[in-house]
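Asks: Prediction below, plus the sequence it came from.
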Amino acid sequence: MENNLEYIDAYFNKMLSQEQAILFEKRVEEDKDFAEDVAFYLSAKQSAQAEVNVEKKARFRQLLLQAGELSNVRREGVVRRMMIYRIAAAAAILICVTVVGYFVFFRTGSPPQMADKYMNENLLTLGVKMGTVLDSIEEGKRLYNDARYDSAIRQFESIVQRDTANFTAKKLLGIVYLRTGNYEKALLYFQQLGNYSLESNPGIFYQALTLMKRNQPGDKQKAKQFLQQVRDQDLEERPTAERWLKRL
């Protein structure tokens, strides 16, 4: 924490090189704990400044009392200076809030966070058709929706073993493995999907999604390549891919 604060202080005092400043901002974007340290630094700095201001005001009032009654002209000058001071203080607070908001709220859209948001909005549950037999894709979906992920995996894998060309079962297997954090297995099945020549094929997008969620060295660049492929070939989830490419 202490070293972080020295590093953060160097950034805001413009003591870092341009390259170092870029790395600093990238770290704020990708490291939630570091972003919180930045917010703490700015908050602590503002609090310290506020304490200094209180001391200055007390000293100022003491000087006024010692000096006695001021002339009207001098009094007006003091009022003007105090107004300027208050405006400057308000501007400093606004800048602080803006910087914190920028770093903590707007620059925290890291690849894992974007992937989590998509998964929570689109893959939290799977649509189930009513009136289907138990030994089916639909039963696997029900197991997934009940968070019985191991059972869902066994269900989908049994289908794939019987029908190695079952596109839907492979897609759902990849989704379950992604949800449970088994990124290697998820990528394996999504890669198989990507090899299918279908008009609507989410395999390429899901590979990008998995890499963004895993977020290991090199994953971000690979994910961008997949997203560019989704965009350029007008594949499934193109609007999402275009939006993410602007933020990666």
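Replies: That came through fine. Numbers count the residues shown, from 1 in each chain.
Asks: going forward, measure contacts between C-alpha atoms and count neighbours the same way
Replies: Noted.
Asks: quick one: Asp116 from Ser110, how far?
Replies: Relative to Ser110, Asp116 is positioned 10 Å away (C-alpha to C-alpha, to the nearest Å).
Asks: Show me the domain layout of the chain.
Replies: For the chain, automatic domain parsing gives the domain ranges 2-108, 113-245.
Asks: residues making contact with stretch 110-125?
Replies: Under the criterion C-alpha atoms under 8 Å, 6 or more residues apart in numbering, residues 29-30, 144-145, 175, 209-210, 212-215, 220, 244, 248 lie in contact with stretch 110-125.
Asks: Repeat that for stretch 149-169.
Replies: By C-alpha under 8 Å, 6+ apart, the residues outside stretch 149-169 that reach it are 135-137, 139-141, 143-144, 170, 172-173, 176-177, 180, 193.
Asks: Among those, which one has the most neighbours?
Replies: Gly140 (28 neighbours; other C-alpha atoms under 10 Å).
Asks: The strand or helix carrying that residue packs against which elements?
Replies: Using DSSP states H and E, Gly140 maps to helix 137-145. Counting contacts by 3 or more C-alpha pairs under 8 Å, 6 or more residues apart in numbering; DSSP states H and E, helix 137-145 is packed against helix 149-162, helix 167-179.
Asks: Format the CA atom coordinates belonging to the last one as PDB.
Replies: Output for helix 167-179, consisting of C-alpha atoms alone and laid out as PDB, is shown next (Å, rounded to 0.1, in the frame of the first residue of the first chain):
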ATOM      1  CA  PHE A 167     -23.600 -28.500 -32.200                       C
ATOM      2  CA  THR A 168     -26.000 -27.500 -29.500                       C
ATOM      3  CA  ALA A 169     -24.600 -29.900 -26.900                       C
ATOM      4  CA  LYS A 170     -21.100 -28.700 -27.600                       C
ATOM      5  CA  LYS A 171     -22.100 -25.100 -27.200                       C
ATOM      6  CA  LEU A 172     -23.800 -25.800 -23.900                       C
ATOM      7  CA  LEU A 173     -20.900 -27.800 -22.700                       C
ATOM      8  CA  GLY A 174     -18.600 -24.900 -23.400                       C
ATOM      9  CA  ILE A 175     -21.000 -22.500 -21.500                       C
ATOM     10  CA  VAL A 176     -21.100 -24.800 -18.500                       C
ATOM     11  CA  TYR A 177     -17.300 -25.100 -18.400                       C
ATOM     12  CA  LEU A 178     -17.000 -21.300 -18.800                       C
ATOM     13  CA  ARG A 179     -19.400 -20.800 -15.900                       C
END
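Asks: sorry, back to before: now the angle between helix 167-179 and the helix holding Gly140, please.
Replies: Interaxial angle, helix 137-145 versus helix 167-179 (axes from the mean of the first three to the mean of the last three C-alpha atoms, to 10 degrees): 10 degrees.
Asks: average model confidence for helix 137-145?
Replies: For helix 137-145, mean pLDDT is 93.
Asks: so what pLDDT did Phe156 get?
Replies: Note on Phe156: pLDDT of 95.
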